[in-house]
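Engineer: structure of the sequence below:
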Amino acid sequence: MSEDQNKTPEEQLENEQPENVEETAPENEAEATVETAQEIDMVAELSRKLAIAEQKIKDQQDSVIRAKAEMENVRRRATQDVEKAHKFALDKFAEGLLPVIDSMELAISHADQEDEALKPMIEGVELTLKSMLSTIEKFGLTPIDPVEQAFDPEKHQAMSMQVVEGVPANQVIAVMQKGYELNGRLIRPAMVMVSKAE
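Structural biologist: Next up is the predicted model:
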């Protein structure tokens, strides 16, 4: 009998197992290495896709925020435009009324106040002017009558300068034509005479 035949089946199995393990181990390691490499590649690919998806989400969020801000700006500008349209819609109409007001004031200032026949007409013109001025003031049209005020080039137009004793320089000494503002915005400057230094 050979040595192998004298061994019990358990001994033979013990001798065979290590040989089998050694033979199959390299195959399992190679397979495990391939599987690990595939898993690493898959994780890397999924990480890349996740990063792309997260960037897309961030871009979309930024886009939504920008669109919302733009819509808010458009709405705010539209509201301001409507307010300005309401506030200054009377510009042209007011500018058309100013010569009428000037003519009525001129008629009153040049009328003969002593003539009894003209008194009813003068009173009628004065009442009409007063009514017109109170009506236009309701709509925000206010006169600029700067007598004895400092000259303001933003609201006044100097027509001439004159030395006046006892009056400081750059003071309005006479108004040739009243100016007007509509809701705080100048629509016509006052034409004035300004004092100057000697």
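Engineer: domain parsing for the chain?
Structural biologist: For the chain, automatic domain parsing gives the domain ranges 3-86, 90-195.
Engineer: quick check: which of these is buried the most?
Structural biologist: Of all these, domain 90-195 has the most neighbours on average by mean count of other CB atoms under 10 Å, namely a mean of 14. The way it works is simple: take the backbone N, C-alpha and C, and place the C-beta from them, glycine included.
Engineer: what mean pLDDT does that domain have?
Structural biologist: For domain 90-195, mean pLDDT is 89.
Engineer: can you start the count at 2 instead of 1 from here on
Structural biologist: Fine by me, first position is 2 from now on; the one you just mentioned is domain 91-196.
Engineer: now the strands for this protein?
Structural biologist: Taking DSSP state E as the test, the strands found in the chain are 142-145, 157-163, 173-178, 180-183, 186-189, 191-196.
Engineer: to Val44, which of the ones you listed lies closest?
Structural biologist: When the strands of the chain are compared by CB to CB, strand 186-189 sits nearest Val44, at 67.9 Å.
Engineer: identify all contacting residues around the closest one.
Structural biologist: 89, 92, 95-96, 99, 142, 145, 155-156, 180-182 (CB atoms under 8 Å, 6 or more residues apart in numbering).
Engineer: how about Ala198, what does it touch?
Structural biologist: Ala198 sits next to 164, 170 when contact means CB under 8 Å, 6+ apart.
Engineer: from Ala175, how far out is it?
Structural biologist: Ala198 is 18 Å from Ala175, where distance means CB to CB, to the nearest Å.
Engineer: just Glu117 next, same as before
Structural biologist: 30 Å.
Engineer: now Arg77
Structural biologist: Where Ala175 is concerned, Arg77 sits at a distance of 45 Å (CB to CB).
Engineer: equivalent analysis for Gln163, please.
Structural biologist: According to CB to CB, Gln163 and Ala175 sit 9 Å apart.
Engineer: tell me, what's touching those two both at once?
Structural biologist: Taking CB under 8 Å, 6+ apart as the criterion, Gln163 and Ala175 both touch Met194.
Engineer: could you pull out the helices for this protein?
Structural biologist: Applying DSSP state H to the chain gives helices spanning 4-7, 10-89, 92-111, 120-139.
Engineer: I'd like to know which of those helices is closest to Val168.
Structural biologist: Closest among the helices of the chain, once you apply CB to CB, is helix 92-111, at 22.6 Å.
Engineer: what's in contact with that closest one?
Structural biologist: By CB under 8 Å, 6+ apart, helix 92-111 touches 123, 126-127, 129-130, 133-134, 137, 140, 142, 178-179, 181, 183, 188-189.
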